[in-house]
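A.B. asks: give me coordinates for this.
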Amino acid sequence: MSTSEALQWRQPGDGATSPPRVSAVGYFFFSLICLTVFVIGPAGLVLSFLYSGDHRWLTRAIALVLTVLFGVTSVLWWRGTRQGRLDTKRLDALGYPATAEILSVESKSWGEMDGVELRLRISGHGFETFETTFGWKYARHYEVGARLAVLVEPSARIFEVKG
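C.D. replies: Residues are numbered from 1 along each chain as shown. Have a look, this model is predicted:
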């Protein structure tokens, strides 16, 4: 197995803007949040044209910048969450139970949140054994050689560590 094959495996979602597992309820509420953020910009832009004060051009410029910023941000959030939801549904429907052996453990920091990065060898029936890394923000104590439960969907190359 080459390193490039190992890097093609991923967790649900896009890893940047969505949590690994997205429930139907979570997806619904997050979609509402994205819609609200998306609407704030255009609403501010409309209101800026109703404003007749001394600095109306500045108000319109700020509203235009916020429209673009909030619009792009909300679309990116929604896309990431949507991908997470689709991957979660796919894992639930087609996933194989598997086992992950911890090969290495490293402390890692994501901004203000500390966690661990695990190097895993994932094996089971229905797919070829592969190695990958897994970042866990809510760190517990892990030891090299320990085993974790994993759900794997080989055709989409998605995996989810269960615990």
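A.B. asks: which parts of the longest helix seen in the chain are buried?
C.D. replies: Criterion DSSP state H: the longest helix present in the chain is helix 56-94. For helix 56-94, burial by neighbour count (16 or more other Cβ atoms under 10 Å) applies to 59-60, 63, 66-67, 70-71, 74, 77-78, 80-88, 91. (C-beta placed from N, C-alpha, C; glycine too.)
A.B. asks: for stretch 117-124, same thing?
C.D. replies: So for stretch 117-124, counting by 16+ other Cβ under 10 Å, buried means 118-120, 122-124.
A.B. asks: any idea which of these the model trusts least?
C.D. replies: Ranked by pLDDT, these bottom out at Leu118, which has 85.
A.B. asks: average pLDDT for the helix or strand in which Phe134 is found, rounded please.
C.D. replies: Element membership of Phe134, judged by DSSP states H and E, is strand 130-136. The average pLDDT within strand 130-136 is 82.
A.B. asks: with stretch 61-74 instead?
C.D. replies: Mean predicted confidence for stretch 61-74 is 90.
A.B. asks: just give me how far the strand ranked longest in the chain sits from the chain centre.
C.D. replies: The strand spanning the most residues in the chain, taking DSSP state E as the definition, is strand 96-110. Chain-centre distance of strand 96-110: 17 Å, with Cα atoms, centre = their mean, to the nearest Å.
A.B. asks: who touches stretch 95-102?
C.D. replies: Here stretch 95-102 makes contact (Cβ atoms under 8 Å, 6 or more residues apart in numbering) with 118-127, 134, 142-154, 158-161.
A.B. asks: whichever of these end up buried, select them in PyMOL.
C.D. replies: The following PyMOL line selects those of the contacts of stretch 95-102 that are buried, judged by 16+ other Cβ under 10 Å:
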select buried, resi 118+119+120+122+123+124+127+134+148+150+151+152+153+154+158+159+160+161
